[in-house]
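> Everything below, folded, please.
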Amino acid sequence: MKRVSLFFIVFLFGGQISAQSPWERIGRMPSTLGIEQGSRAFTTRDFRLEVLNSSQTASALSPVKDTVFDYTPDEWLKRRDKDGFYHLGDINIRYRTGDSGDWTKFSSAKKRTAVKELPAGKNGLAAADLSGLLEASAPISLKRFWDSDGRDIILRFEIRNTSGSAVEIGSLGIPMIFNNILQDKKLDDAHTDNVFFDPYIGKDAGYLQVNRLHGKGASLLVLPYENAAFEAYNPVNDDPTPRSIVFEGFHEWMIHSKAHAETEWKGVQQWNEPTSVTLKPGESRSFALRFVFAPSIRQIESQLEKEGRPVAVGLPGYVLPQDENGTLYLDYRHKVISTEVFPEGALQVKATGRKGKWEGYSVKGQQWGRARLTVKYKDGTVQTIHYKVIKPQEEVVKDLGHFLTTRQWFDDKNDPFGRAPSIITYDNEEQKQVTQEQRAWYAGLSDEAGAASWLAAFMKQSLISDKEEVEKLKLFARETLWGGLQYSEGKNRYGVKKSLFYYEPDSMPKGTYREDINWKVWSAWPKKEADNPGRSYNYPHVAAAHWILYRLARNHEGLADDVNWRESLQNAYQTALAMVRLAPHYAQFGQMEGSVFLYILEDLKREGITDMANELEAAMKKRADHWKTLGYPFGSEMPWDSTGQEEVYMWSKYFGNADKAEVTLNAILAYMPALPHWGYNGSARRYWDFVYGGKLSRIERQLHHYGSALNSIPVSAAYRDNPDDFYLLRVGHAGAMGALANVTQEGFGPAAFHSYPSTLAIDGITGDYGSGFYGYAVNSGTYITVHPEFGPVAFSGNLVQNGDWLNTQITSAGKSRVYLAPRKLWITLDAGKVSSLNYNRKTGEVQVVLEPADAYTKTAYVRAETPEAYRADAPKDSRGNYTVALGREKAVLKLVLK
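Model (predicted):
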């Protein structure tokens, strides 16, 4: 969900616009960092580090190969030179004497005074005694060292117990201050100057990856070096830098977190077991992190191997359906001595032997929910790998469809806003439908948080059709969508309103609106604003609904026979053109679910509706030609966004704009990581939509927000063009599975998962979930490849090798897409389901085993696209589909090389 940034500030701060910006107030604070006292620069083989003389915190960190670029927020240094602002080199500690009582908090950023310089030592760059920042009665001393091994940078802290009693260090965090402040940046500048960073919270094997927004060049890695297990990842929200759509906030690498777990995080199951360390009288301990470079994002894992760090590769990923056979490969110089699963029995893990340098394990999901696998190595290293076990994909999708069309089915015929019948937003914490909200779109069936639920219900039918659910969706389309949410006549015909719900008490009967809601906010739209068709992002939802009705009526019998399939396809086409006509400003940007316009175009071509196809193609080419002129052609309402890349990539590829497609793909990979953690693996970056599409409203890294599955569309498409790029397959599949990761056992689909360690739970409202489910519905499939190290592998399938044959059972929900990488063969079905696919590696023969007929599908329509010439002994229809009659038994479509 997106809005203009000024509106965001108004909403976030209670609806009042301050005449004074936060930075103006900050500017009146006294400068305490001591910038005027100068700095010193140090150069290693790979880094240029600059530290301030007064605080010895970093004022610059650059690669030697590009010293113009700075990983730290250098342009904000003079504005952030006050007490409380964190800089790279700061530390947070909580401690207590003995093993009970309250924790004392210390932050080196809280009150700045000049630190005492110490001799740097043989391998040192700079050193300081920070003890003067502690309270006089503190039982510890604290020193900081900037060291180097000649190539890398090492940040080390030494804590000594100076008292006569034991001291427990209950929390220890090192703030990771890198330049993710996007304020006042244009897209080109942000992609040049700024970075995003993602954590692998994996104890001794953990790391932080820091990527430039353009996704090219080296990736900065922060690694444990000494007593620095990555235990937790905590937002440092006490930093005064204003958080908003242009600044997510900073986080700290937490080595110990017991004190937090007993206080702010109490009652929340953390990613790792919270720990502390106790220092005996006179005892000291060092804690150190190391900064290194990987040559590129794709080479992060190979660089970890070179650095002697444990590497984990989970296939097909870390969201593990209970009917799928997962594998895990570990690479480390020391042997595994034990594995442990928490909760006990959640995973079944068995060693399968070595494959080259990799130690292999089978992993089977046994118990629904989060699961942690702890691996202990002979040298004492501990690694944690984080899984989410879910129901089989088909069951998750069925549960979702049932929840949407029952719990969320709204049929109040007396509704004054004309929203019945519909599928409306749902609050799962309160177990009730959201019919009134101060953010009008939540209750208004439009924008992402309002439209997403009914969008998900339509998209579900494209995977698993249900007659009862389809009947409800037809009612919604006829009685609420057409002529209600979408204009059916007049100058705005085919335009889409921003909301059916609005706040206009003077025009409504008394008592219409709840008195316990604060309506004095910008988001409580009056009717004129709610009726506005000028927001382009609302159009793909509606176009997708028409498109699904077309496909249901066109490809099945008895499921939607009363729907005119040609009219539905034309309505989808007209909705696409209306977006360009009625919402031209935002239509210049890529749209979430904008790939649906390409799918509509392809179906118009297949149906031979040439005039409409030509007009739609021309309209979309104008947009793509505009993107071709831009350096980074995926802007939006926001200063930076991860929404438009999906459509920009697909149209750029379609029109042959290969350079822009590559720019877009690189940018996606910069914010969509591959990590041994289900929450972050394939999770496209988004951090403001809990404000616009969630219940717990705050700026926060969202885990598997709708961007994950949407961005999986271009990543998966890129993989099908480049099947040797295994990294793309891993990331694309992880993003698609993100749409299922957070669905509850009952079928409730939330906006996203809260990453803050104080929460670590799904959001309480459906919000904009359905936009992500669209990504799963149009993109999920089974991918079969032969990896040079891991051998034959299936994603969303269970593969068995039998001589020259690879036999794969299909486990995706729709069972309608299979990609065979060795042959670049892309098999898609408009109707029917693939039960299994058999491939002969020697002859190239492919056997597509189809499930028997069901009540509404008597014919399978199969497309087989490949650069090679395959043929099948089956007739083709006018749309180019192989047609296979289905009966009581499974049918087989054989594809052989010509």
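
> Going by neighbour count, list what's buried in stretch 418-434.
419-428, 433-434 (16 or more other Cβ atoms under 10 Å). The C-beta positions use only the backbone N, C-alpha and C, and glycine is treated the same way.

> swap that for stretch 599-619, please
For stretch 599-619, by 16+ other Cβ under 10 Å, it's 599-601, 603-607, 609, 612-613, 616-617, 619.

> do stretch 524-541 as well
524-525, 527, 529-541.

> which residues touch Thr643?
2, 537, 590-592, 634, 636, 707, 710 (Cβ atoms under 8 Å, 6 or more residues apart in numbering).

> do that again at 7 Å, thanks
2, 590, 592, 636, 707 (Cβ atoms under 7 Å, 6 or more residues apart in numbering).

> Tell me the neighbouring strands of the helix or strand hosting Arg144, and mark each as parallel or antiparallel.
For Arg144, the host element (DSSP states H and E) is strand 140-148. Neighbouring strands of strand 140-148 in its sheet, by DSSP bridges, are strand 124-129 (antiparallel), strand 153-161 (antiparallel).

> Buried deepest among the ones you listed, which one?
Highest mean neighbour count among the strands paired with strand 140-148 (mean count of other Cβ atoms under 10 Å): strand 153-161, with a mean of 21.

> From the chain's centroid, how far away is that strand?
Relative to its parent chain, strand 153-161 has a centroid offset of 34 Å by Cα atoms, centre = their mean, to the nearest Å.

> And the contacts of the next helix or strand after it?
Under the assignment DSSP H and E, the closest C-terminal helix or strand after strand 153-161 is strand 167-176. Applying Cβ under 7 Å, 6+ apart, the external contacts of strand 167-176 come out as 86, 90-97, 99, 103, 139-140, 159, 161, 197, 208, 222, 234, 236, 250-260, 276-279, 287, 289.

> before we move on, what about stretch 465-482?
Contacts to stretch 465-482, defined as Cβ under 7 Å, 6+ apart, come from residues 401, 405, 409, 418-423, 454, 457-458, 461, 488, 542, 545, 549, 552, 556, 559-560, 563, 856.

> list the contacts for Gly880?
606, 863.

> how near is it to Arg888?
Distance, Gly880 to Arg888, using Cβ to Cβ, to the nearest Å: 28 Å.

> Phe403 now?
Distance from Phe403 to Arg888, by Cβ to Cβ: 32 Å.

> Please identify which of these two sits among more neighbours.
Between Phe403 and Arg888, counted using other Cβ atoms under 10 Å, Phe403 has the larger neighbour count: 24 against 6.

> close enough to count as contact, that one and Gln745?
No: between Phe403 and Gln745 there is no contact under Cβ atoms under 7 Å: 10.4 Å.

> Tell me the one among the contacts of Thr643 nearest to Ala860.
Ala860 lies nearest to Met592 out of the contacts of Thr643, by Cβ to Cβ, at 31.2 Å.

> helices and strands of the chain: which one bottoms out on pLDDT?
Least confident helix or strand of the chain, by mean pLDDT, DSSP states H and E, is helix 5-12 with a mean of 36.

> distance from the centroid: which residue in the protein tops it?
Gly164 (49.1 Å; Cα atoms, centre = their mean).

> That residue contacts Pro281, doesn't it?
Yes: in this structure, Gly164 is within contact of Pro281 by Cβ under 7 Å, at 5.2 Å.

> List the contacts of Ile153.
44, 47, 49, 146, 291.

> Angles on the backbone of Val311, please.
With angles defined as degrees, to the nearest 10, Val311 sits at phi -120, psi 130.

> before we move on, the earlier item: want to throw the contacts of Thr643 into JSON lines with distance to Leu473 and pLDDT?
Below are those laid out as JSON lines (distance: Cβ to Cβ, whole Å; pLDDT from 0 to 100):
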{"residue": "Lys2", "distance to Leu473": "26", "pLDDT": "36"}
{"residue": "Gly590", "distance to Leu473": "27", "pLDDT": "96"}
{"residue": "Met592", "distance to Leu473": "21", "pLDDT": "96"}
{"residue": "Ser636", "distance to Leu473": "29", "pLDDT": "80"}
{"residue": "Gly707", "distance to Leu473": "25", "pLDDT": "97"}
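
> Out of these, name the ones that lie in strands.
If you go by DSSP state E, the contacts of Thr643 have nothing in strands.

> which stretch of helix or strand covers the closest residue in space to Lys376 that isn't next to it in sequence?
Distance criterion Cβ to Cβ, 6 or more residues apart in numbering; nearest residue to Lys376, sequence neighbours excluded, is Ser338 at 4.7 Å. Assigned by DSSP H and E, Ser338 belongs to strand 336-342.

> for Gln383, same thing?
Here Gln383, judged by DSSP H and E, is contained in strand 382-390.

> Likewise for Gln303?
Counting by DSSP H and E, Gln303 is part of helix 300-306.

> Which neighbouring elements make contact with that helix?
Helices and strands touching helix 300-306, by 3 or more Cβ pairs under 7 Å, 6 or more residues apart in numbering; DSSP states H and E, are strand 219-226, strand 311-315.
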